[in-house]
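Visitor: Need a 3D model of the following:
(one chain, ligands or ions: 2)
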Amino acid sequence: MKSEELFTTAKTCLPGGVSSPVRAIKPYPFYVKSASGAVLKTEDGASLIDCCMGYGPLLLGHANPVIQKAIEAQLDDGWLYGTPTKLEIDLAQRIIRDHDSIEMLRCVSTGLEATLAAIRLARGFTGKCGIVKLEGGFHGAHDAVLIAAGSGATTHGTPDSLGVPPSFAAQTRQVPYNDTEALEELLSKDKEIAAFILEPVMGNIGPILPDDGYLAAVREITAAHDVLLIFDEVITGYRLGIGGAQKKYGIKPDLTTLGKITGGGLPIGVFGGRRDIMELISPSGGVYNAGTFNGNPLSMAAGIATNAYLHENESLYGKLDEKTRAIEESLPANASGSFVRLGSLFKYFFRSTAPQNYLEAKQSDTAAFRVFFEKALKSGVFIPPSQFETNFLSTAHDASSMEKIISVYQHV
Ligand SMILES: Cc1ncc(COP(=O)(O)O)c(C=O)c1O
Ligand SMILES: N[C@H](C=O)CCC(=O)O
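Guide: Ligands and ions are numbered 1, 2, ... in the order given. So this is what the prediction gives:
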């Protein structure tokens, strides 16, 4: 069956025909049969250079043989025990070594669970109920954060999800990114805030970079108001380098959430941080978190293999940065949009200047993006199908795939 037919069938059993809204490409999504390196092979017989990379986890490419070997070795030993394993200690120690701010952590199965648990923990620790998030920030699909949410929630016009009880939504305040005055004003007035959760580099409305000094000011303001600072590094963790955004910008949050690359492309979420806060997690404390698949052996094995590879090959981050620089340099002189990149993250915004926040990102010309997306796809390059998603490169993007990507951006 080809993609069009598969989608017709899918719509009979899956809402909207997909398992996650961001995949709902119009008029129908292409269906993937297999993937290797930087290439997706579709059910329609096409080969596409992938600039989505599973929305970020696949820093080392599809079906990376090093990770595959680690997963296969674990498969031989079983893939779920419901007991502790050495693997979870190994991965935890690696993550703690890589992040000055993380003294203890717990592994869960998704980024959603990680941010949900971190928020609950912050509430339990501080005894306060309110939280602050960024307008356009995305932290997974759960009630506390599906308010002015980016990613598919913005793309599909539902930044405030139905089904979130108004009393819940009222506990979530929002501020614009790169606006320290708004944060200071809010925290001065509202003394019921447990935590400020933010993506240090916004990644779910395209990448938006922090102004100089923004993250340091955020750290200062939250500390001054006894508000915990949660860095959601589900995208930026191990993507901007070992140690993520907090290392790059020299900030020590109280809690951190990780996911994506941390599990080598298998489902994972991690929340961790200061020991005095983390010790409140059950069974050592009274904030409950649990999961059948927490710390599951396959994700731990893939995560450990990825972590070891990154440490042995740290220069890969510089090479990835050169690749997005090459794309930027290939843009035509008369390009009317703006190109934003950071390491292996990049995006072309159909807006004359790079957005500084959600409001500005939403001013992009989404119809022009759509035309570009379709042109890229016809040329054999798959970029995430929304102006409000980041593009990702991997170590598997070799010279020939880069040539193809560049030829698309030369005609943006
Ligand atoms: C910054 C950020 N936080 C949290 C999440 C949730 O992660 P997951 O999709 O694994 O639940 C995502 C992605 O969806 C994300 O980009
Ligand atoms: N932008 C989202 C995560 O980072 C995309 C993943 C999804 O919603 O399926």
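
Visitor: In space, what's closest to whatever residue of the stretch 101-250 of the chain ends up closest to ligand 1 - neighbours in sequence excluded?
Guide: The minimum distance from the stretch 101-250 of the chain to ligand 1, using CB to the nearest ligand atom, falls at residue 111 (2.2 Å). Using the backbone N, CA and C atoms, a C-beta is placed for each residue, glycine as well. Nearest residue to residue 111, sequence neighbours excluded (CB to CB, 6 or more residues apart in numbering): residue 259, at 3.4 Å.

Visitor: before we move on, what about residue 180?
Guide: Here the nearest residue to residue 180 in space, its sequence neighbours aside, is residue 217; by CB to CB, 6+ apart that works out to 4.4 Å.

Visitor: repeat for residue 103
Guide: residue 275 (4.0 Å).

Visitor: I figured that neighbour was touching residue 105, is that so?
Guide: No - using CB atoms under 8 Å, residue 275 is not in contact with residue 105; the gap is 10.4 Å.

Visitor: which of those two has more neighbours?
Guide: For the pair residue 275 and residue 105, the greater number of neighbours falls to residue 105 (24 against 10), based on other CB atoms under 10 Å.

Visitor: wouldn't that one be in contact with residue 95 here?
Guide: Yes - the pair residue 105 / residue 95 is scored as a contact, 6.0 Å apart, by CB under 8 Å.

Visitor: Find the residues that touch each one of these two.
Guide: Counting by CB atoms under 8 Å, 6 or more residues apart in numbering, the common neighbours of residue 105 and residue 95 are 270, 272.

Visitor: circling back: please identify the buried residues of the helix or strand hosting the residue nearest to residue 180?
Guide: Assigned by DSSP states H and E, residue 217 falls within helix 214-224. Neighbour-count burial for helix 214-224, counted by 16 or more other CB atoms under 10 Å, picks out 214-215, 217-219, 221-222.

Visitor: ok, now stretch 149-165?
Guide: 149-155, 159, 164.

Visitor: show me which of those neighbour ligand 2.
Guide: Applying CB under 6 Å from any ligand atom, the subset of these adjacent to ligand 2 comprises 151-152.

Visitor: Farthest-apart pair in the buried residues of stretch 149-165, please.
Guide: Based on CB to CB, the longest span within the buried residues of stretch 149-165 runs between 155 and 164 and measures 18.4 Å.

Visitor: Is the lowest-mean-pLDDT helix or strand in the chain in proximity to ligand 1?
Guide: Ranked by mean pLDDT, DSSP states H and E, the weakest helix or strand in the chain is helix 152-155, scoring a mean of 92. No - counting by CB under 6 Å from any ligand atom, ligand 1 is not contacted by helix 152-155; separation bottoms out at 8.9 Å.

Visitor: which outside residues touch that helix?
Guide: Taking CB under 8 Å, 6+ apart as the rule, helix 152-155 contacts 20-22, 136, 138, 141, 146, 159, 161, 204-205, 358, 362, 386-389.

Visitor: can you do 6 Å?
Guide: If you take CB atoms under 6 Å, 6 or more residues apart in numbering as the criterion, helix 152-155 is touched by 21-22, 159, 386, 388.

Visitor: do stretch 52-72 as well
Guide: So stretch 52-72 is contacted by 35-38, 235, 260-261, 264-265, 298, 301-302, 305, 309, 382, 384, 392, 394-396 (CB under 6 Å, 6+ apart).

Visitor: what's the answer for stretch 80-90, then?
Guide: Residues from elsewhere that reach stretch 80-90 (CB under 6 Å, 6+ apart): 107, 295, 297, 300, 304.

Visitor: So which bits of that stretch are buried?
Guide: Using 16+ other CB under 10 Å as the test for burial, stretch 80-90 gives 85, 87-88, 90.

Visitor: Specify which member of the residues you listed is nearest to ligand 2.
Guide: Checking those against ligand 2 by CB to the nearest ligand atom gives residue 88 as the nearest, at 23.9 Å.

Visitor: would that closest one count as being in a helix?
Guide: Yes - counting by DSSP: H, G, I helix; E, B strand; the rest coil, residue 88 falls inside a helix.

Visitor: Disregarding residues adjacent in the polypeptide, which is nearest to it?
Guide: residue 295 is the one closest to residue 88 (CB to CB, 6+ apart), at 3.9 Å.

Visitor: quick one: the one you found and residue 108 touch, right?
Guide: No - under the criterion of CB atoms under 6 Å, residue 295 is not in contact with residue 108, lying 8.1 Å apart.

Visitor: of those two, who's got more company?
Guide: Ranked by neighbour count (other CB under 10 Å), residue 295 and residue 108 place residue 108 first, with 27 against 23.

Visitor: The nearest residue to the more buried one once chain neighbours are set aside pairs with what?
Guide: Of all residues not flanking residue 108 in the chain, residue 269 sits nearest, at 4.2 Å (CB to CB, 6+ apart). With DSSP bridges applied, residue 269 shows beta-bridge pairing to residue 108, residue 259.
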